[in-house]
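S.K.: Please work out how this folds:
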Amino acid sequence: MSEQQHQYPGAGQQFVWQPPQQPTTPQPMATPTYPGYGGLPSAATSVPERPEPPRGSRLRIGLAGLVAGALIGGGAGAGVATLVDEPTTGGGTTAATQSVTIENPERATTATAAAAKAAPSVVTVYVASGSSAGSGSGVVLTSDGYVLTNNHVVAGGGGGAGTVQVRTADGTLYDAEIVGTDPAFDLAVLRLDDATDLVAATFADSDAVQVGDVAVAIGAPLGLSNTVTDGIISATGRAVATGSTQDDATVLDAIQTDAAINPGNSGGALVDGAGEVIGINTAIATVASGLPGGQAQSGNIGVGFAIPGNSAQRIAQEIIRTGSATRAYLGVRASTAADDQNREVGTGAEVVTVEPGSAAEDAGLRAGDVVTAVGKRPVTTSTELTAAIRSKAPGETVELTVRRGSDVRTVEVALGETG
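M.R.: Presented below is the predicted three-dimensional model:
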């Protein structure tokens, strides 16, 4: 695909989905890591590109710097508590389920009420393949057994000798099959065998989320099912790139929160004060291992990222209908345009190549153009351009602000579609 480059949620930098190119200039910032598998975190491992997530798998997220594509190699720190020590078999798990109920309404907080509403719709996902196993979280979409989770949670499960199981909030364990996945959005849909009367989650309009709103994360960090943490929305429209390499990179237009998110929270719910889902937790930032104290800061540091609920619902519905999903396609390969005085400061996304027959070519974009905004949203890096385009639906028309030499113009583009 000739769009911007993907990388997994970093520390708040923005990313664009471009093909395998882009400079990689590590910066001393935080390294995002997948809060994916809650069990087995041992030695540092990179995001699995093929089935069979390595033992101890905590898919790592690279934090992109201002130069798009810059990834900070992050190591999963030692000493991370693990509850899943052996490959998952049967229905066993060392973490007992515990339902969330309001015992004393007079003392209930916003988080209490949100958790009571949403927790019954959050599940724990167990994946085993060969000698490796891990766990993550998921959100119930329908009462008859469709569940949404992260692609990186189930990577390697359900194929060959792999198995996927899901435990609901009431403790019931189901076998599950993978209906379809979308690695570009890091989403996957599961179908539980013979499930009925599940409590489907209620989704809010994630476009209405505001910085400072209450945020409650629910999932199974380190295998601890039905764990609830709270905080606020720290940022919206945060362009985040994740992935250990440019080939497996993914760019997200994420919601950022300081609610504690740790390995195993991946695929779980980020809900608002009303207990309605606003995002699917997918990544966290950690201190780069090369920095002082980096080895010890491998868990939550208050910088977590979730896929907006509106995008997650659209992708999930497409997967349920067709087994796959589509996304908006601009048709350019771009890199970050750097400021003349400071190469670490991005001034836009510079078009490197334009795909023949693409939406970008139809709109008259050409190599050397620098995109500085999508609608009213500023673009300072190629990753930000990718995230902005990713937030749109295929066929939607967007207005790009383009710098061509000393001239600045606006261009309307009817976005294409790609799978």
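S.K.: Would you map the strands across the stretch 251-400 of the chain?
M.R.: Assigned strands in the stretch 251-400 of the chain, in chain order: 269-271, 277-287, 304-308, 327-329, 332-338, 346-354, 370-374, 377-378, 397-404 (criterion: DSSP state E, counting those that start in this stretch).
S.K.: TSV please, covering those and showing mean neighbour count, distance to Arg321 and mean pLDDT.
M.R.: C-beta: built from backbone N, CA, C; applies to glycine. Rendered in TSV, the data for these read as follows (neighbours: other CB atoms under 10 Å; distance: least, CB to CB, whole Å; pLDDT from 0 to 100):
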stretch	mean neighbour count	distance to Arg321	mean pLDDT
strand 269-271	32	22	97
strand 277-287	30	19	90
strand 304-308	29	19	96
strand 327-329	23	15	89
strand 332-338	27	29	91
strand 346-354	23	32	93
strand 370-374	22	28	95
strand 377-378	14	30	92
strand 397-404	18	24	95
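S.K.: out of those, nearest to Gly180?
M.R.: strand 327-329 (13.8 Å; CB to CB).
S.K.: which residue packs closest to Ala367, ignoring adjacent ones?
M.R.: Of all residues not flanking Ala367 in the chain, Val351 sits nearest, at 5.5 Å (CB to CB, 6 or more residues apart in numbering).
S.K.: which secondary element of this protein has the worst mean pLDDT?
M.R.: strand 30-33 (a mean of 48; mean pLDDT, DSSP states H and E).
S.K.: per-domain residue ranges of the chain.
M.R.: Using automatic domain parsing, the domain parsing of the chain gives 1-86+98-324, 327-418.
S.K.: Burial-wise, tell me which of these comes out on top.
M.R.: domain 1-86+98-324 (a mean of 23; mean count of other CB atoms under 10 Å).
S.K.: on that earlier part again, show residues contacting the next helix-or-strand element following the least confident helix or strand of the chain.
M.R.: Of the helices and strands lying after strand 30-33 in sequence (DSSP states H and E), the nearest is helix 110-118. Helix 110-118 is contacted from outside by 100-102, 201-202, 214, 216, 218, 228, 230, 269, 271-277, using CB atoms under 8 Å, 6 or more residues apart in numbering.
S.K.: Summarise which helices and strands the next helix or strand after helix 110-118 is packed against.
M.R.: Sequence order places strand 122-129 as the next helix or strand after helix 110-118, per DSSP H and E. Applying 3 or more CB pairs under 8 Å, 6 or more residues apart in numbering; DSSP states H and E, one finds that strand 122-129 contacts strand 132-140, strand 146-149, helix 151-154, strand 163-167, strand 214-219.
S.K.: Using JSON lines, lay out these together with mean pLDDT and distance to Gly309.
M.R.: JSON lines is the format used below for those (pLDDT from 0 to 100; distance: least, CB to CB, whole Å):
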{"stretch": "strand 132-140", "mean pLDDT": "93", "distance to Gly309": "9"}
{"stretch": "strand 146-149", "mean pLDDT": "98", "distance to Gly309": "10"}
{"stretch": "helix 151-154", "mean pLDDT": "92", "distance to Gly309": "17"}
{"stretch": "strand 163-167", "mean pLDDT": "95", "distance to Gly309": "20"}
{"stretch": "strand 214-219", "mean pLDDT": "97", "distance to Gly309": "12"}
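S.K.: residues in contact with the nearest residue to Arg409 once chain neighbours are set aside?
M.R.: Nearest residue to Arg409, sequence neighbours excluded (CB to CB, 6+ apart): Val402, at 5.6 Å. By CB under 8 Å, 6+ apart, the residues touching Val402 are Leu365, Asp369, Val370, Val371, Thr372, Val408, Arg409, Thr410, Val411.
S.K.: and the third one, bridged to which residues?
M.R.: Beta-bridge partners of Val370, counted by DSSP bridges, are Glu350, Arg403.
S.K.: Once you drop chain neighbours, what's closest to Asp175?
M.R.: Per CB to CB, 6+ apart, closest to Asp175 is Asp193, 4.6 Å.
S.K.: just checking, the one you found touches Leu173?
M.R.: No: between Asp193 and Leu173 there is no contact under CB atoms under 8 Å: 10.6 Å.
S.K.: Low-confidence bits of the chain, can you list those?
M.R.: Applying pLDDT under 70 to the chain flags residues 1-108, 156-161, 243-249, 288-298.
S.K.: For the biggest strand by length in it, name the packing helices and strands.
M.R.: Across the chain, the longest stretch assigned as strand under DSSP state E is strand 227-242. In terms of contacts (3+ CB pairs under 8 Å, 6+ apart), strand 227-242 is packed against helix 110-118, strand 214-219, strand 250-257, strand 277-287, helix 382-390.
S.K.: and these as a markdown table, adding distance to Thr347?
M.R.: Shown next, in a markdown table, are the helices and strands packed on strand 227-242 (distance: least, CB to CB, whole Å):
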| stretch | distance to Thr347 |
| --- | --- |
| helix 110-118 | 41 |
| strand 214-219 | 32 |
| strand 250-257 | 19 |
| strand 277-287 | 24 |
| helix 382-390 | 11 |
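S.K.: quick one: Ser324 from Ile178, how far?
M.R.: 12 Å (CB to CB, to the nearest Å).
S.K.: And Leu400, by the same measure?
M.R.: From Leu400 over to Ile178 (counting by CB to CB), the distance is 36 Å.
S.K.: surely Arg377 meets Gly237?
M.R.: Yes: counting by CB under 8 Å, Arg377 touches Gly237, with 6.6 Å between them.
S.K.: Thanks again, I'm all set now.
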